[in-house]
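Participant: I'll drop the sequence and a predicted model, then ask my questions.
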Amino acid sequence: MHSTRVVAVLTLVVGLAHCFPWDIVVGGDKQLHFYYNGTLTHTEEIPSATRITSVTYDPVHYRVLFTDVNYPNMTIYSFDLSTRKTQSLLTKKTDHKYVRVVYDPVTQLLVWKIRRNIYTFSINPASSDKAVDGNLLVTMDNYCRDIAVDSCGGYIYWITEANIERARLDGSEREVIVDSTVYLRFSLAIDQLTQRIYWIDSIYLNGGYELSIKSANFNGKNQTTIYISKTTSYEYASSLAISKDFIYWQNLNEVGTWQLPKDSSEHVARKLYSISSLRDYDYHRVATNYTIQEQIEAIQSCEALQNLIPNNLKPEPTASICQNYCLEGNCSVAEEGPTCSCKAGYSGERCEVSACHKHCLNGGVCSLNKEVEPVCQCTAGYDGERCEYSICNEYCLQGNCSVDVDGLPKCSCKTGYSGERCEINACHDYCLHDGICSLNEENKRVCQCTAGYDGERCDISICNEYCVQGNCSVGADGLLKCSCTTGYSGVRCEENACHKYCLNGGVCSLNEEDEPACQCTAGYDGGRCEVSANKDSSCDAGNSGQGSISACHQFCLNNGVCSLNEASEPVCQCTADYEGERCEVSVNKDLCCPKVTTVTVTLSQGGQSTCASTVV
Ligand SMILES: *[C@@H]1O[C@H](CO)[C@@H](O)[C@H](O)[C@H]1NC(C)=O
Ligand SMILES: *[C@@H]1O[C@H](CO)[C@@H](O)[C@H](O)[C@H]1NC(C)=O
Ligand SMILES: *[C@@H]1O[C@H](CO)[C@@H](O)[C@H](O)[C@H]1NC(C)=O
Ligand SMILES: *[C@@H]1O[C@H](CO)[C@@H](O)[C@H](O)[C@H]1NC(C)=O
Ligand SMILES: *[C@@H]1O[C@H](CO)[C@@H](O)[C@H](O)[C@H]1NC(C)=O
Ligand SMILES: *[C@@H]1O[C@H](CO)[C@@H](O)[C@H](O)[C@H]1NC(C)=O
Ligand SMILES: *[C@@H]1O[C@H](CO)[C@@H](O)[C@H](O)[C@H]1NC(C)=O
């Protein structure tokens with residue numbers, strides 16, 4: 001049975017195309033250094049790494065898992081020894097450099113510690129764990145130095161300055177197993193083969209320093225000291241790691257990686273090689289090639305790990321090469337290595353590129369429909385097949401656009417504009433009658449009116465109601481002018497032609513030719529009702545017709561008083577300024593052109609008429 005296992009392991013080595021021997025792997029800044037019996041056998045450059053701070057080995061999937069600190073992020077990577085491919089498993093923000101990762105192949109949990117906290121994250125592809133930032137497993141009072149997993153028992157162990165504790169992988173059954181604050185504690189490891197925990201202590205004693213490697217049962221009982229190193233200077237050791245036959249650690253004073261047989265056959269540690277420099281936070285950078293078979297060889301019941309060994313004890317190289325290689329598809333092994341046949345909607349060498357990749361723009365969420373085509377669900381404010389169209393695009397004509405709570409575009413208009421889309425110019429239609437609009441310093445609208453208009457919006461016609469009966473216009477001199485309708489006159493056409501036209505109570509109206517015409521009251525006659533129709537009037541004497549106009553009528557001019565003589569002829573008695581038969585001659589030489597404008601005929605109470613003419 002034993003020889004069968006050896007054959008199986010040899011078959012595996014032959015099956016791995018890119019194999020190099022190694023018993024420990026040590027993290028560098030950006031490299032993984034593989035050593036065999038103290039000799040460097042391979043250096044793997046990890047281009048995406050910055051500073052590798054901790055390394056662990058997954059013997060089930062033949063991969064080295066390691067943390068890299070690239071402020072402000074911490075990334076956990078896996079380097080697959082079969083395919084030589086590096087894959088980022090998780091990136092988490094942290095300002096802390098002293099991160100440490102271990103792995104439980106049974107539950108496929110990544111377990112890491114930062115400061116006083118331990119987190120877990122499942123990398124089982126079947127897991128529904130979506131907490132990419134990790135699940136907080138435990139928090140402790142003291143600074144956590146190191147962690148280790150007991151895959152058979154299902155425990156996580158941790159070491160602080162104060163003690164060593166353990167809990168179940170779900171955080172339950174937490175208990176202190178080694179309790180002493182005397183020592184400075186550095187690193188912790190677990191060995192299934194010996195069923196023991198190992199740790200490093202340091203103490204100041206008798207004027208010097210004592211570094212020791214100790215061991216105890218899983219429950220903390222039966223403590224023994226395996227190794228002691230006494231120095232006068234402070235000693236600092238880390239990176240405790242266990243293999244089938246050896247214990248390894250790194251010493252930060254005598255810089256290098258050290259090795260000691262596990263069985264205490266030797267008490268002097270062997271320095272495998274020196275490291276040129278090691279920083280204090282390069283803490284957990286040694287991992288061993290410790291196979292599952294080796295780990296559980298001597299123990300009676302560790303079904304959990306036993307189940308991880310393939311039935312025939314002969315790991316199928318193709319199976320391991322393909323394991324987890326294709327992210328969304330089937331894997332097969334070709335000459336040049338693993339090859340993926342991707343399922344619909346995925347592409348890329350490892351089927352890592354979804355058809356959804358970068359498909360939806362502007363934060364749209366992508367999913368594949370029944371026809372395996374990418375479909376976008378856009379965020380508020382975006383539209384289009386790929387959410388490429390912003391609903392704000394060209395929406396606000398004169399202003400900025402934003403998306404409101406209902407996902408609708410909303411404009412914030414620039415000064416002088418309004419309306420839902422800022423489409424309304426404040427000046428638009430503001431000034432009436434061709435007035436010119438502009439904004440003043442306070443962004444208020446101001447109108448410059450055309451001639452004839454006034455008011456804030458040029459809404460007031462200054463002609464308005466100026467001309468009483470006629471059309472108004474503004475002259476070049478800016479003054480108003482009236483053009484009167486027929487029958488009216490005056491500067492503002494305020495005078496009716498009928499005004500004071502008919503005398504003696506006559507009613508005036510305009511005839512068809514828009515001339516004034518009088519309708520006289522009884523007893524009067526004439527164009528303006530100026531003639532008394534009374535035949536008994538003394539003015540009747542000398543009339544030129546029967547019952548008609550008196551001979552005195554309009555006979556004496558310039559206020560001369562008319563009377564009939566014996567022969568019934570009109571005779572004038574002139575005023576001092578006039579003379580002549582009809583008082584037509586001005587005595588005053590300065591008055592050259594007297595004008596007769598009105599002749600008034602009045603009827604006395606006794607029916608006698610008096611005629612008078614006036615000079616204006
Ligand atoms: C890992 O260790 C096993 C067991 O000691 C050994 O057979 C194997 O060759 C080692 N792997 C490599 C790649 O050196
Ligand atoms: C490992 O290296 C040491 C020192 O170089 C050497 O004595 C020993 O034989 C080597 N062991 C194996 C198995 O190669
Ligand atoms: C840190 O991680 C975030 C999120 O994954 C990423 O966007 C950013 O580029 C990373 N920064 C560095 C320095 O790696
Ligand atoms: C205590 O540990 C030592 C060394 O590992 C071992 O030889 C011994 O049998 C253990 N004793 C008990 C009581 O477990
Ligand atoms: C992957 O393999 C399964 C099982 O053989 C098969 O049903 C499926 O069609 C394959 N998918 C692809 C993309 O080849
Ligand atoms: C529009 O956006 C620009 C740039 O953010 C800003 O300077 C401007 O004041 C905004 N205008 C309005 C009317 O909100
Ligand atoms: C007044 O204006 C109206 C309309 O333009 C015109 O028909 C009318 O003849 C005008 N009247 C006068 C007196 O100019």
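Facilitator: Thanks, I have it. Ligands and ions are numbered 1, 2, ... in the order given.

Participant: Do a quick rundown of the strands in the stretch 1-150 of the chain.
Facilitator: Listed in chain order, the strands of the stretch 1-150 of the chain (DSSP state E, counting those that start in this stretch) span residues 24-27, 31-36, 39-45, 52-58, 63-70, 73-80, 85-93, 100-104, 109-114, 117-122, 135-139, 144-150.

Participant: Make CSV out of those strands and add mean neighbour count.
Facilitator: For every residue, glycine as well, the C-beta is placed using N, CA and C. What follows is the strands of the stretch 1-150 of the chain, written out as CSV (neighbours: other C-beta atoms under 10 Å):
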stretch, mean neighbour count
strand 24-27, 25
strand 31-36, 19
strand 39-45, 13
strand 52-58, 25
strand 63-70, 23
strand 73-80, 20
strand 85-93, 15
strand 100-104, 25
strand 109-114, 24
strand 117-122, 20
strand 135-139, 16
strand 144-150, 23
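
Participant: Can you check which of the ones you listed gets nearest to ligand 1?
Facilitator: Evaluated with C-beta to the nearest ligand atom, those place strand 31-36 nearest to ligand 1, the distance being 6.6 Å.

Participant: The closest residue to ligand 1 within the stretch 151-300 of the chain and Asn163, how far apart?
Facilitator: Nearest residue of the stretch 151-300 of the chain to ligand 1: Asn289, at 3.6 Å (C-beta to the nearest ligand atom). For Asn289, the distance to Asn163 equals 31 Å [C-beta to C-beta, to the nearest Å].

Participant: quick check: domain ranges of the protein?
Facilitator: 2-295, 533-615 (automatic domain parsing).

Participant: before we move on, back to that, present the strands of the stretch 1-150 of the chain as JSON lines; the columns should include distance to ligand 7.
Facilitator: Listed next are these as JSON lines, based on distance: least, C-beta to the nearest ligand atom, whole Å:
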{"stretch": "strand 24-27", "distance to ligand 7": "100"}
{"stretch": "strand 31-36", "distance to ligand 7": "99"}
{"stretch": "strand 39-45", "distance to ligand 7": "96"}
{"stretch": "strand 52-58", "distance to ligand 7": "96"}
{"stretch": "strand 63-70", "distance to ligand 7": "87"}
{"stretch": "strand 73-80", "distance to ligand 7": "84"}
{"stretch": "strand 85-93", "distance to ligand 7": "82"}
{"stretch": "strand 100-104", "distance to ligand 7": "97"}
{"stretch": "strand 109-114", "distance to ligand 7": "92"}
{"stretch": "strand 117-122", "distance to ligand 7": "91"}
{"stretch": "strand 135-139", "distance to ligand 7": "90"}
{"stretch": "strand 144-150", "distance to ligand 7": "100"}
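
Participant: quick one on the thing from earlier: what values do phi and psi take at the residue of the stretch 151-300 of the chain closest to ligand 1?
Facilitator: Here is the backbone geometry of Asn289 (degrees, to the nearest 10): phi -80, psi 90.

Participant: so who does it touch?
Facilitator: 22-25, 57, 59, 243 (C-beta atoms under 8 Å, 6 or more residues apart in numbering).

Participant: In the protein, which residue sits nearest ligand 6?
Facilitator: Closest point on the chain to ligand 6, by C-beta to the nearest ligand atom, is Asn400, at 3.6 Å.

Participant: what are the ranges of the helices in the protein?
Facilitator: Using DSSP state H, the helices of the chain run over 2-15, 292-296, 303-306, 317-322.

Participant: Now do the residue nearest the centre of the chain against ligand 7, distance only.
Facilitator: When C-alpha atoms, centre = their mean is applied to the chain, the residue found nearest the centroid is Ser402 (7.9 Å). Using C-beta to the nearest ligand atom, to the nearest Å, Ser402 is found at 53 Å from ligand 7.

Participant: any idea how far that residue lies from Ser412?
Facilitator: Taking C-beta to C-beta, one finds Ser402 at 7 Å from Ser412.

Participant: Near ligand 6, which residues of the stretch 351-500 of the chain? Just list them.
Facilitator: Contact residues (C-beta under 6 Å from any ligand atom) of the stretch 351-500 of the chain with ligand 6: 399-400, 412, 414.

Participant: Which of the residues you listed sits closest to ligand 1?
Facilitator: Asn400 (63.4 Å).

Participant: Which residue is the nearest non-sequential neighbour of that closest one?
Facilitator: What sits nearest to Asn400 in space, not counting adjacent residues and going by C-beta to C-beta, 6 or more residues apart in numbering, is Ser412, at 4.8 Å.

Participant: so where's the stretch 451-600 of the chain uncertain?
Facilitator: Residue ranges of the stretch 451-600 of the chain with pLDDT under 70: 533-550, 588-600.
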